[in-house]
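Enquirer: sequence first, then the predicted structure, then my questions.
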Amino acid sequence: MSFHSASSARGAAASTWRCVQCTQVFGVEQEAGAVGGMEDSAMLEESWLDVSASTIGAGSPVKGTPCSGAHAQLDQRRKIRELASELIAPTHPLCEGCTEKLMAELKAARDQAEKERRIYTAELDRLNKELGDKAGGIGGGGGEVARRAEADDAEEEALVATLAALEGEKGGLRRKMGELELRAGALDEERDRYWREYNDLQIRLRASDRESLRRKIEATALQLEALNTTNVLNDAFHISHTDVFGTINGFRLGSVTSQPVEWDEINAAWGQTALLLQTLASNSDFTFPTYRVVPLGSFSRIIRRDDDRQVMDLFCQSDIGISRLFGYGSFDKGMAAFIDCVRALQDHVRSQDPSFSPPYRIADHKIEELSVKLQFNTYDKWTKALKYMLTNIKWLVASSLSRRA
């Protein structure tokens, strides 16, 4: 940094300078009798320093001079300015007032630094004291601390060993977990395969069940159709003919001269016929208006509804001459009443089914002009009349089947 002078002649009696802080012009006069002019000039030159440098000596115009009072004072001020130039921004030269102000600031900074030093010293002493107390306590209970330290070390070793064991167990568990996961995967695959096979089996079984059920339905339908087309009465009362005889369940109803039939067989045939006629009436919800048929096997009878005392037989005990002579009595009346019941049932069925038309006509006690009585009759005509009667009854059986269908 450059500085200014009012006179370019260094040997003059007075020099003027401008303060770089306050820009005040000040001068330096040489005093006679003090120090020689050359010496004072040299000392002043040493006081005007370029303090912009970071260190003394580099670019500094300081020169060695003799040790005297004025020189020592100037040297002290130079050092202060050098110190200030390291801490504070302003450069030199400075006037006396700025120098004093700078010194006051440095003094305040020094006092603050001293205060901080005392605080740090007190804190350091406190810490040293605490450390000393702790050191004393450790020294007094050294045995206990040592035992504690040993116990802590032993506990630490035990914990480390436990940790190592746990780590090993953890590794084993991880391996076992891996094995279990593999096994679980295999079990899942096996389970899926099982359910697939189970579903396939169920599908096959259901298909088989459906097929079996379909076959059962078909068989049941065929059986139902067969049952619908089957007349139980045909099976229970089989009406047919053998030569000139009409038969029911194998019993011949009637007798001819060339082939006489025992009365026991004839009576059994009448019992079967009476039971069949009563069954047909019951199935048709029909009640005979005049007579009531009482099937009793070989001893069946017919009773008049308006008089229960009028009981007529549908059986004959013998074929002795006196019976033929006096007309068989109750047996003839029973057979006439029976043929009347057959006619009444035919009329009832025809009222429900106009298409019903039995082959033989019944009128009074005759069928196709053939009497069912034995009095004044021959066995051949009587047997033929009974055969016609069984044929009409068979038509009634067939009609009941068609009406049910």
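Expert: Nice, thanks for sending it over. Bear in mind the structure is a predicted one, so any value in this text is a computation, not a measurement.
Enquirer: ok, the residue nearest to Phe251 when sequence neighbours are not counted to Asp307 distance?
Expert: In space, and not counting its chain neighbours, Phe251 is closest to Ala269: 3.7 Å by CB to CB, 6 or more residues apart in numbering. No exception for glycine: its C-beta is placed from N, CA and C like everyone else's. Distance of Ala269 to Asp307, given as CB to CB, to the nearest Å: 28 Å.
Enquirer: give me the more crowded residue out of the two.
Expert: Applying other CB atoms under 10 Å to Ala269 and Asp307 shows that Ala269 carries more neighbours, namely 25 against 8.
Enquirer: show me the contacts for the more buried one.
Expert: 247-248, 251-253 (CB atoms under 8 Å, 6 or more residues apart in numbering).
Enquirer: can we see that at 7 Å?
Expert: Taking CB atoms under 7 Å, 6 or more residues apart in numbering as the contact definition, Ala269 lies against 248, 251-253.
Enquirer: can you flag the buried ones in those?
Expert: Neighbour-count burial (16 or more other CB atoms under 10 Å) applied to the contacts of Ala269 gives 248, 251-253.
Enquirer: assumed Glu189 was part of a helix.
Expert: Yes. Assignment of Glu189 by DSSP: H, G, I helix; E, B strand; the rest coil places it within a helix.
Enquirer: on the pLDDT front, check it for me.
Expert: We have a pLDDT of 92 for Glu189.
Enquirer: tell me, how many residues neighbour Val261?
Expert: Count around Val261 with other CB under 10 Å applied: 17.
Enquirer: going forward, count from 333.
Expert: Yep, numbering from 333; the last one is Val593 now.
Enquirer: next one: the closest residue in space to it that isn't next to it in sequence, what pLDDT does it get?
Expert: Distances taken as CB to CB, 6+ apart put Ser587 closest to Val593, at 4.1 Å, once the chain neighbours are dropped. pLDDT for Ser587: 93.
Enquirer: show the contacting residues for Ser587.
Expert: 593, 598, 711, 715.
Enquirer: show me the helices in the stretch 633-737 of the chain, by range?
Expert: Assigned by DSSP state H, counting those that start in this stretch, the stretch 633-737 of the chain shows helices spanning 653-658, 662-684, 711-736.
Enquirer: before we move on, what about the chain?
Expert: Here the chain has its helices, by DSSP state H, at 369-379, 401-419, 428-472, 474-560, 564-568, 595-615, 653-658, 662-684, 711-736.
Enquirer: what comes up buried for the fifth one?
Expert: Of all the residues in helix 564-568, those buried under the rule 16+ other CB under 10 Å are Leu565.
Enquirer: returning to what we had before: of the buried ones among the contacts of Ala601, which is the nearest to Arg633?
Expert: Using CB to CB, Leu585 is the member of these that lies nearest Arg633, at 16.9 Å.
Enquirer: what's opposite the closest one in the beta bridge?
Expert: For Leu585, the beta-bridge partners under DSSP bridges are Gly578.
Enquirer: might one say that it is in contact with Leu722?
Expert: Yes. Using CB atoms under 7 Å, Leu585 is in contact with Leu722, at 6.3 Å.
Enquirer: average pLDDT for stretch 715-728?
Expert: The pLDDT scores in stretch 715-728 average 95.
Enquirer: with stretch 436-444 instead?
Expert: Across stretch 436-444, pLDDT averages out at 92.
Enquirer: give me the distance from that stretch to the chain's centre.
Expert: Mean-position distance between stretch 436-444 and its chain equals 86 Å (CA atoms, centre = their mean, to the nearest Å).
Enquirer: buried residues in stretch 695-705?
Expert: Of the residues in stretch 695-705, 697-699, 702-705 count as buried by neighbour count, 16+ other CB under 10 Å.
Enquirer: check those and tell me the two furthest apart.
Expert: Ile699 and Lys705 (11.4 Å).
Enquirer: which pLDDT does the model give the residue nearest to Phe583?
Expert: 96.
Enquirer: likewise Arg458?
Expert: 90.
Enquirer: tally of neighbours for it?
Expert: The tally of other residues near Arg458 (other CB under 10 Å) stands at 10.
Enquirer: could I get the phi/psi values of the residue nearest to Val593?
Expert: Note on Ser587: backbone dihedrals following degrees, to the nearest 10 are phi -160, psi 150.
Enquirer: before we move on, what about the one 3 residues further on?
Expert: For Ser590, the backbone dihedrals (degrees, to the nearest 10) come out as phi -80, psi -30.
Enquirer: quick check: the farthest pair among the contacts of Ser587?
Expert: Across those, the longest distance by CB to CB is 10.6 Å; it joins Ile598 and Tyr711.
Enquirer: which one's more surrounded, the two?
Expert: Between Ile598 and Tyr711, counting by other CB under 10 Å, Ile598 is the more crowded of the two (22 against 17).
Enquirer: I'd guessed that one sits against Leu585; true?
Expert: Yes. When contacts are counted by CB under 7 Å, Ile598 is listed as touching Leu585 (6.5 Å).
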